[in-house]
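Q: Sequence first, predicted coordinates after that:
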Amino acid sequence: MLFVAVKQSSKETRTWTVGFSQDLPTGVTVSSATGTHIGPSVESLTVADDNVDDVTVTLATPAVGVHYVEIVATLSNSDTSQALLRVEVEF
């Protein structure tokens with residue numbers, strides 16, 4: 001499982017890129033991705049894949065606190081790979 005930690009303000013919408021390239025066998029790509037938000041409030045969350053090896057996560061104006069986004073990428077060989085994005089919102 002990949003782990004990425006970032007910081008974000010509660011007043012901004014940010015897009016984060018999670019790279020799966022180190023977790024992919026040769027010739028395998030990310031086919032799709034889903035994300036689940038766990039945090040102190042319900043936020044607008046968008047998860048998208050580039051059909052190669054990156055997944056982008058956009059979190060809009062999150063509440064102050066620590067947010068987690070669990071990402072599951074489905075690979076072109078039907079396997080899955082997971083990542084956890086930790087977003088710390090201090091202000």
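A: Great, that's in hand. Residues are numbered from 1 along each chain as shown.
Q: List the strands paired with the lowest-mean-pLDDT helix or strand in the chain, with their directions.
A: Averaged element by element with mean pLDDT, DSSP states H and E, the chain has its least confident helix or strand at strand 44-49 (a mean of 86). Strand 44-49 pairs in its sheet with strand 54-60 (antiparallel), by DSSP bridges.
Q: next helix or strand past the partner strand?
A: For strand 54-60, the succeeding helix or strand toward the C-terminus, using DSSP states H and E, is strand 65-75.
Q: Give me the contacts around whatever helix or strand comes next after that next one.
A: Next along the chain after strand 65-75, taking DSSP H and E as the criterion, comes strand 80-89. For strand 80-89, contacts defined as CB atoms under 8 Å, 6 or more residues apart in numbering pick out 1-10, 16, 18, 20, 23-24, 30, 39, 55, 57, 59, 62-75. For the C-beta atoms, the positions are set from N, CA and C on the backbone; glycine is no exception.
Q: Can you point out the buried residues in strand 80-89?
A: For strand 80-89, burial by neighbour count (16 or more other CB atoms under 10 Å) applies to 81, 83, 85, 87, 89.
Q: if you average pLDDT over it, what comes out?
A: Here strand 80-89 scores 94 as its mean pLDDT.
Q: what do you get for stretch 60-69?
A: The average pLDDT for stretch 60-69 rounds to 91.
Q: How about residue 49, nearest residue that isn't a chain neighbour?
A: residue 33 (4.3 Å; CB to CB, 6 or more residues apart in numbering).
Q: How many residues are close by residue 42?
A: Look at residue 42: counted by other CB atoms under 10 Å, it has 9 neighbours.
Q: for residue 60, same thing?
A: 12.
Q: rewinding a little: of the buried residues of strand 80-89, closest to residue 44?
A: Within the buried residues of strand 80-89, the smallest distance to residue 44 is 12.9 Å, found for residue 87 (CB to CB).
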